[in-house]
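> pasting the sequence and the predicted model now:
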Amino acid sequence: MGSFRSLALVLLVVFVAPVAVRGWGVDGHFITCKIAQGRLSQTAVEAVNSLLPEYAKGDLASLCSWADHVKFRYHWSSPLHYIDTPDNLCTYQYRRDCKDEDGVMGRCVAGAIMNYTTQLLDYGKQTSDYNLTEALLFLSHFMGDIHQPLHVGFTSDRGGNTIDVHWFTRKAVLHHVWDDSIIETEEERFYGSNVDDLTNAIETNITNVWGDQVKAWENCSGSQKTCPTTYATEGINAACNWAYKGVTNGSVLEDDYFLSRLPIVNWRLAQGGVRLAANLNRIFG
Ligand SMILES: [Zn+2]
């Protein structure tokens, strides 16, 4: 009986732990990658499967938050998750904005997307200087981040990280509201706390509601494989028009804010997923 109980406890920990972790910032990335996975060409599916570690069992979405988990081990990678733009300008310029705090050019999420896209073009070559598994995981994660409006935010508030608000009755910072709270509240209220049901709903909208926009989302001018300037420009626009709008330190954000911003979050998750797939299809095509 005792050993049965400890076995039950082990099983409980094994099955409950991943769900608990996912609730903290993972759902947005999971949804983006899940949407992308369903839109990959056969060649891209094969490339992704051969690059993923065995334990992922071909499921890219299960490793879409890997880049957040290695931030501390790969300290150099933390500035690659976002872009700081000048306060209140609401524009993005690569040369002006895509650098880290030491001023090193290209060290921002847009530069990282370019860099890992270039690395992945080595796939299929005899040799490569790069770790293409890590390149795939970084690219898949950063395509999510660049579509989170406050990952292309203002410099002085660090993308909303220093703006204290209340999310309904709980204390939060505005950045966290956009990383997690809107998605979590949406899942709780409308999808029985089930991330797969929310993912399915967004996929249905991609076909029905946004069907006539999808070609434009996927499009990248000329022969480019990825267009991060477009994604970042849309991001700072959404940050100004929706995320920052009407919010000051101490704001209480409730249904007015939640219900008007929720469509923006779903739309950006959809775009991130559609474009990740389009980019991978162009890279491995
Ligand atoms: Zn990130």
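Right, received. Where do you want to start?

> which helix is the longest one in this protein?
helix 255-284 (DSSP state H).

> helices and strands around it, which ones?
Packing partners of helix 255-284 (3 or more C-beta pairs under 8 Å, 6 or more residues apart in numbering; DSSP states H and E): helix 27-37, helix 42-51, helix 109-120, helix 132-145, helix 182-190, helix 195-207, helix 214-218, helix 228-238. Backbone N, C-alpha and C define where each C-beta goes, glycine included.

> compare these and give me the one nearest the ion.
Each of the helices and strands packed on helix 255-284 was scored for nearness to the ion using C-beta to the ion, and the closest is helix 132-145 (4.3 Å).

> quick check, the residue in the stretch 1-150 of the chain closest to the ion?
Nearest residue of the stretch 1-150 of the chain to the ion: residue 81, at 3.7 Å (C-beta to the ion).

> pull the contacting residues for that residue.
Applying C-beta atoms under 8 Å, 6 or more residues apart in numbering to residue 81 gives the contacts 67, 68, 71, 109, 141, 142, 145, 151.

> how about the residues of the stretch 51-200 of the chain near the ion?
Taking C-beta under 5 Å from the ion, the part of the stretch 51-200 of the chain that reaches the ion is made up of 68, 81, 145.

> make sure residue 243 is actually in contact with residue 178.
Yes - if you go by C-beta atoms under 8 Å, residue 243 and residue 178 touch, sitting 5.7 Å apart.

> intersection of neighbour lists for the two?
Counting by C-beta under 8 Å, 6+ apart, the residues touching both residue 243 and residue 178 are 149, 150, 160.

> ranking these by neighbours, who comes first?
Comparing the shared contacts of residue 243 and residue 178 by number of neighbours (other C-beta atoms under 10 Å), residue 150 comes first, having 27 neighbours.

> quick check: it touching residue 178?
Yes - counting by C-beta under 8 Å, residue 178 is a contact partner of residue 150 at 4.6 Å.

> re earlier: make a markdown table out of the residues of the stretch 51-200 of the chain next to the ion and add distance to residue 238.
Shown next, in a markdown table, are those (distance: C-beta to C-beta, whole Å):
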| residue | distance to residue 238 |
| --- | --- |
| 68 | 21 |
| 81 | 17 |
| 145 | 13 |
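
> closest to residue 155 among those?
residue 81 (15.0 Å; C-beta to C-beta).
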